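Trainee: starting from these lines, generate the structure:
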Amino acid sequence: MRTRIASAALAAASIAALVNLAPSQAQAGALIAAPTAAAGPRYDEYVALGDSWSADVVFLDGHGLPDTTHVPVDCAQSHVNYPKLVAARLGVRELRDATCGSATTEHFSAPQSLPLGGTNAPQFDRLTRTTDLVTVGIGGNDAGFAGAALACISLLPLETIPMDLLPLPDLPVPLVSTSTLPVGGCKAYFTAGGVDRLAVAIRKSEIKLVRAFQEIHRRSPRARVLAVNYLAGVPAKGCWPVVPITDKDMAYLHATFLKLNAMVARAARRGGAELVDTYTPTLGHDMCQAPNVRYAEAFGPSVNDPAIGVPAHPNAAGARAQADVVFKYLSTH
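Mentor: From the prediction side, this is the model:
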């Protein structure tokens with residue numbers, strides 16, 4: 001999902017500082033075992049499209065810096081995100097993984113400028129007439145959900161209304177909100193005047209997803225198109241200070257997250273895509289759970305595989321859970 005940080009220099013410095021933490025190749029192999037192909041449906045050409053929750057964005061893990069096989073390093077794409085795990089289990093001949101942090105549906109047909117100077121080509125460029133499987137995980141950034149979640153961060157467990165600050169550059173590294181002070185009160189802020197601005201943004205994003213699914217069918221008429229929704233990373237109740245968001249604001253974020261997934265489901269139906277529900281099977285693994293239970297991290301460090309991940313995004317266990325759901329769906333439908 002879309003995220004913000006104070007400057008590109010900070011992101012570059014963060015990555016550079018973490019390089020020295022990378023284990024050797026031998027250690028990496030021991031930490032993260034390569035997946036093996038399993039019996040299942042056969043696909044030859046798989047294209048993965050989507051945002052950071054499909055890229056399973058990471059700063060550093062057992063493989064080192066983010067994967068640059070398919071996209072620039074500043075997409076922060078994991079070496080073991082769910083598309084790669086699914087491709088390995090299916091034994092596909094060719095995977096083209098276009099997923100990238102901060103992507104919106106706009107970046108399906110237009111290039112995406114990235115924080116460290118890279119450019120991810122239009123994601124649709126990976127589609128061909130012979131593509132036979134496409135997964136799509138998108139919508140949160142179109143609706144502005146991630147930026148809104150950052151506005152909910154509170155240094156105190158109190159209900160206060162955030163104050164506006166000047167906007168700062170977008171980066172796929174959520175460390176602090178750049179549009180509000182960290183004093184919480186985001187429910188009151190986004191529903192001021194009796195209009196839920198996030199709910200409105202979600203509704204307006206639906207047609208963008210519908211058109212994206214339709215365009216995928218046009219470019220790849222043989223492809224099976226799967227709309228993969230967002231796993232259950234947002235709890236219904238807060239756990240301040242583990243996740244520094246008040247209970248009232250967390251309940252609002254959770255309700256908004258459900259609206260986001262409902263919108264993805266509607267868009268899939270309208271656009272002729274098959275919905276793959278990663279939310280229901282991952283309930284009980286949100287950011288407020290124990291470190292060895294949660295599928296998304298509130299902050300970067302993760303014990304699910306040694307990693308410095310991007311806060312408020314799926315960790316390696318979450319990526320495996322996403323892959324399990326997608327593979328099971330393909331095997332049973």
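Trainee: the protein: helices as residue ranges?
Mentor: Secondary structure of the chain (DSSP state H): helices located at 8-19, 25-31, 52-55, 82-90, 106-109, 145-150, 186-190, 197-219, 247-271, 316-332.
Trainee: output the contacting helices and strands for the third one.
Mentor: Put plainly, it is helix 52-55. strand 133-137, strand 313-314 (3 or more C-beta pairs under 8 Å, 6 or more residues apart in numbering; DSSP states H and E). For glycine as for every other residue, the C-beta is placed from the backbone atoms N, C-alpha and C.
Trainee: which parts of that helix are buried?
Mentor: By neighbour count, and taking 16 or more other C-beta atoms under 10 Å as the criterion, the buried residues in helix 52-55 are 52-55.
Trainee: which among those gets closest to Gly318?
Mentor: When these are ranked by distance to Gly318 (C-beta to C-beta), Trp53 comes first, at 8.6 Å.
Trainee: any idea of the pLDDT on the closest one?
Mentor: At Trp53, the predicted lDDT confidence score is 97.
Trainee: cool, Ala312 as well?
Mentor: 89.
Trainee: ends of stretch 300-316, what's the gap?
Mentor: One end of stretch 300-316 to the other measures 12 Å (C-alpha to C-alpha, to the nearest Å).
Trainee: let me fix that, I meant to ask about stretch 41-56.
Mentor: With C-alpha to C-alpha as the measure, the first residue of stretch 41-56 is 24 Å from its last.
Trainee: list the buried residues in that stretch.
Mentor: Those buried within stretch 41-56 under the rule 16+ other C-beta under 10 Å are 43, 45-56.
Trainee: returning to that earlier point: could you export the helices of the chain as TSV, including distance to Cys288?
Mentor: Formatted as TSV, the entries for these read as follows, by distance: least, C-beta to C-beta, whole Å:
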stretch	distance to Cys288
helix 8-19	25
helix 25-31	26
helix 52-55	18
helix 82-90	22
helix 106-109	31
helix 145-150	14
helix 186-190	17
helix 197-219	21
helix 247-271	8
helix 316-332	14
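Trainee: gap between Ala319 and Gly233?
Mentor: For Ala319, the distance to Gly233 equals 12 Å [C-beta to C-beta, to the nearest Å].
Trainee: common neighbours of these two, please.
Mentor: Shared contacts of Ala319 and Gly233, defined by C-beta atoms under 8 Å, 6 or more residues apart in numbering, are not found at any residue.
Trainee: of the two, which one has the most company?
Mentor: Ala319 (28 against 25; other C-beta atoms under 10 Å).
Trainee: so for Met1, what's the pLDDT?
Mentor: What the model reports as pLDDT for Met1 is 59.
Trainee: how far away is Ser331 from Thr278?
Mentor: Look at Ser331 and Thr278: by C-beta to C-beta, they are 15 Å apart.
Trainee: between these two, tell me which one has more neighbours.
Mentor: Between Ser331 and Thr278, counted using other C-beta under 10 Å, Thr278 has the larger neighbour count: 26 against 13.
Trainee: which residues touch the residue nearest in space to the middle of the chain?
Mentor: Centrality entry for the chain: nearest residue to the mean C-alpha point is Trp53, 1.4 Å, by C-alpha atoms, centre = their mean. Listed by C-beta under 8 Å, 6+ apart, the contact partners of Trp53 are 1, 137, 140, 230-231, 313-314.
Trainee: quick one: mean pLDDT over stretch 281-297.
Mentor: For stretch 281-297, mean pLDDT rounds to 96.
Trainee: please apply the same query to stretch 121-139.
Mentor: Mean predicted lDDT for stretch 121-139 stands at 98.
Trainee: what of stretch 223-238?
Mentor: According to the model, stretch 223-238 has a mean pLDDT of 97.
Trainee: check which residues of it are buried.
Mentor: If you call a residue buried by 16+ other C-beta under 10 Å, then stretch 223-238 has these buried ones: 223-236, 238.
Trainee: distance between the ends of it?
Mentor: Between the opening and closing residues of stretch 223-238 we find a distance of 41 Å, counting by C-alpha to C-alpha.
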